[in-house]
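**Q** Here you go, sequence then predicted model.
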Amino acid sequence: MTSPLAIQLMRFAFLALLWLFLYSMVRVIRMELRTAGAPRVPVPAKPKSKKGRAAAETRPGRGGLSQLIVTEGSLAGTRVALTGKPILIGRANDSTLVLTDDYASTRHARISENNGVWYLEDLGSTNGTYVGQTKVTGPLPLEAGVVIRIGKTAMELR
Amino acid sequence: MSRPNRPATRRGIELLFVFAATLIVACAETFVEITRANKVSDHVVTYPLVVLAIGLACHLAIRRSARYADPLLLPCALLLVGLGLVMIHRLDLGLAQQAAENGTTYTGVAAASQVVWAFLGLAVFLVVLLVIRDHRMLSRYAYTLALIGLFLLMLPAVLPAQYSEVNGARIWIRIAGFSIQPGEIAKVLLTIFAASYLVDKRDVLSLAGRRLLGVDLPRGRDLGPVLVAWLISIGVLVRNHDLGTSLMFFGLFVVLLYVATERVSWVIIGVLLFAGGCVLSYELFGTVKQRVTVWLHVFDYLQDEGYQMSQSLFGLGTGGLFGAGLGGGRPELVPVAKSDFILSSFGEEIGLFGLVAILGIYLVMLSRGFATALAVRDSFGKLLVTGLSFSFGLQLFVVAGGISRLLPETGLTTPFLSYGGSSLVANFGLLALLLRVSDAARRPPTTPPSAVTTDSGPVPIQAGGGS
């Protein structure tokens, strides 16, 4: 009853179906790759106009600082939003900023906020945390653009 | 989906692909039955329903406890299970016809028991996914799991042959009509152990000793783990005559060592040890020698030892580019096609194009596994997923190489596709572990909203002055 033609049609239709399945999977992978480039964590959008930036800098209670930006080292370009919670820096996997730097300790430094001022503390690291040329010993208040160095990594608040 | 920056869970895509896999299985079964008997039976409805039921149950479990898990892994596995089921049923039909022509009766119901095993696999999947809420807890039971794994692996060797031997290979546990091949389950357990052990010890293992010909050789006393792995795999080979499993274990350990330490010297040492093991077992064991001879001169043994292999090659040749059509070939001519040689059955009936599509589906699963390993933040998860994905890929390579005579035949099963309860159950467990880790890898950080995730690439070496 089933003609050879129908069998032939089914044969190729089935192959087409299999490849269609595979093709749609590859489409999904491509879509995910395209979105993977975007930051996985909400980062405050960069204000476009000067007016916008001024508005962002005068946000109350944050000392005008909105993010920590890594400027040098293997993580250069990474941004961490400042939300008021302390930022742990180190090689430990549960750090906020996980460094793979050979000179970084497991728990290296902490940046935390108190009364609208952000402080940098060294957590007893082996190779030290530097601001400019000086080694950080006690809590040090930070301002925008001050360069913090840990091993080969440099970062600053903005 | 509500906020632009929140990573989507992609559960909708998963559900869509589950339906697509069901549809393909329905088409395949219909195709088989129309070609063979010109009418359709209940199986056209029941097999897709089996796939759909397993898919929906897994999907709901994932929605409940691993919302951010990779959306492509489950549908790929489902499609492979479904296609395997159709092919096993098709081989049943072929064998029944063959028996009728010879005047005997074929009483095998491989497809029916495969359905039972698939549901058992589902049960294991649900248990693993719902009990293990965080894959890191597995590393706490690493040594216990390793002991269970080794026990399972050694058990067939010490059991009397009537409980453990099938076709000359003592790799089974046969109790009350059920036969379990414990090597598959041991593989998953030992991968967990190896990952956790290497996370603890990789600092020591990556210390270099002497430099020889531009290669950093590890210190002699650090060779321990790789030698133990080598001895275990040789031991399995000696006692059980099981080439495939020992090859898989050894490859697994070497790759994990390489990934954990990033030292090429381990790969070189591994390859040398493997070559040594090959030569040694070729000289010592008759079965190995015989298999290699048959592999090299398969058509000289057309009627006896080389029968299975040469029929497989004839099948692949008959299939050609587009295949004979599902139900249109004679894949049942290959002995035990449903377990070791199921890929060649597919090659015969859906041709090179179909076979490559199936390999492509495996490739998608592998790539998602390695992507998970890159993205997950903890080292144990990285090594675990790398090991599981790699052993999956190695197994597939060995099987595909075996049916196409690139490698000697080893007797490993094709993951998800071939007939075999323990393989199916173990692979469902493996799938649940992969999904669990991929959930951890893709989950947006919850505690501090400011946390960033950094893809640290391969497991970083913790060398030098950390405190």
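**A** Okay, I see it.
**Q** for chain B, which spans come out with low pLDDT?
**A** Applying pLDDT under 70 to chain B flags residues B:1-7, B:160-171, B:174-179, B:204-226, B:229-230, B:233-234, B:236-241, B:446-467.
**Q** looking at chain A, which helix or strand is least sure?
**A** Using mean pLDDT, DSSP states H and E, helix A:50-57 stands out as the lowest-scoring helix or strand of chain A, at a mean of 44.
**Q** Could you identify the helix or strand that succeeds that one?
**A** Helices and strands here follow DSSP states H and E; after helix A:50-57, the next one along the chain is strand A:67-72.
**Q** Which strands or helices does that next one pack on?
**A** Counting contacts by 3 or more CB pairs under 8 Å, 6 or more residues apart in numbering or on different chains; DSSP states H and E, strand A:67-72 packs against strand A:79-81, strand A:153-157. Just so you know, the C-beta spots here come from the backbone N, C-alpha and C atoms, and that holds for glycine as well.
**Q** Briefly note if stretch A:133-147 comes near chain B.
**A** No. Against chain B, stretch A:133-147 shows no contacts by CB under 8 Å from any CB of the partner chain, the least distance being 15.2 Å.
**Q** about what we covered before: including mean neighbour count and distance to B:Trp117, could the helices and strands packed on strand A:67-72 go into CSV?
**A** Below are the helices and strands packed on strand A:67-72 laid out as CSV (neighbours: other CB atoms under 10 Å in any protein chain shown; distance: least, CB to CB, whole Å):
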stretch, mean neighbour count, distance to B:Trp117
strand A:79-81, 21, 49
strand A:153-157, 21, 52
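**Q** Which of these has the lowest mean pLDDT?
**A** Ranked by mean pLDDT, those bottom out at strand A:79-81, with a mean of 82.
**Q** and that strand, which strands flank it?
**A** strand A:67-72 (antiparallel) (DSSP bridges).
**Q** what's the angle from the partner strand to strand A:153-157?
**A** 150 degrees (axes from the mean of the first three to the mean of the last three CA atoms, to 10 degrees).
**Q** average pLDDT across strand A:67-72?
**A** pLDDT averaged over strand A:67-72 gives 84.
**Q** tell me which residues of that strand are tucked away?
**A** Neighbour counts over strand A:67-72 (16 or more other CB atoms under 10 Å in any protein chain shown) mark A:67-71 as buried.
**Q** Stretch B:386-402 too?
**A** So, applying 16+ other CB under 10 Å, buried residues of stretch B:386-402: B:386-396, B:398-400, B:402.
**Q** Can you tell me the closest non-neighbouring residue to B:Val50?
**A** B:Val115 (5.6 Å; CB to CB, 6 or more residues apart in numbering or on different chains).
**Q** so that neighbour is in which element?
**A** Secondary structure assignment for B:Val115, by DSSP H and E: helix B:110-131.
**Q** Report the contact partners of the residue in the stretch 201-350 of chain B positioned nearest to chain A.
**A** Closest contact between the stretch 201-350 of chain B and chain A, by CB to the nearest CB, is at B:Gly325 (4.1 Å). Counting by CB atoms under 8 Å, 6 or more residues apart in numbering or on different chains, B:Gly325 touches A:7-8, A:10-11, B:31, B:35, B:349-350.
**Q** In helices, which of those appear?
**A** The helices, defined by DSSP state H, take in A:7-8, A:10-11, B:31, B:35, B:349-350 from the contacts of B:Gly325.
**Q** Out of those residues, which comes closest to B:Ile358?
**A** Checking these against B:Ile358 with CB to CB, the nearest one is B:Ile350 at 8.0 Å.
**Q** and that closest one, how many neighbours does it have?
**A** Per other CB atoms under 10 Å in any protein chain shown, the neighbour tally for B:Ile350 reads 29.
**Q** go on, B:Met154?
**A** B:Met154 has 17 nearby residues by other CB under 10 Å.
**Q** In a strand, it, correct?
**A** No. Residue state for B:Met154 (DSSP: H, G, I helix; E, B strand; the rest coil) corresponds to helix; a strand is not indicated.
**Q** Tell me how far it lies from B:Thr245.
**A** 12 Å (CB to CB, to the nearest Å).
**Q** now swap in B:Ala111 and tell me
**A** Taking CB to CB, one finds B:Ala111 at 26 Å from B:Thr245.
**Q** And these two? Which one has more around it.
**A** Using other CB under 10 Å as the criterion, B:Ala111 and B:Thr245 rank with B:Thr245 on top: 25 against 21.
**Q** Perfect, that will be all.
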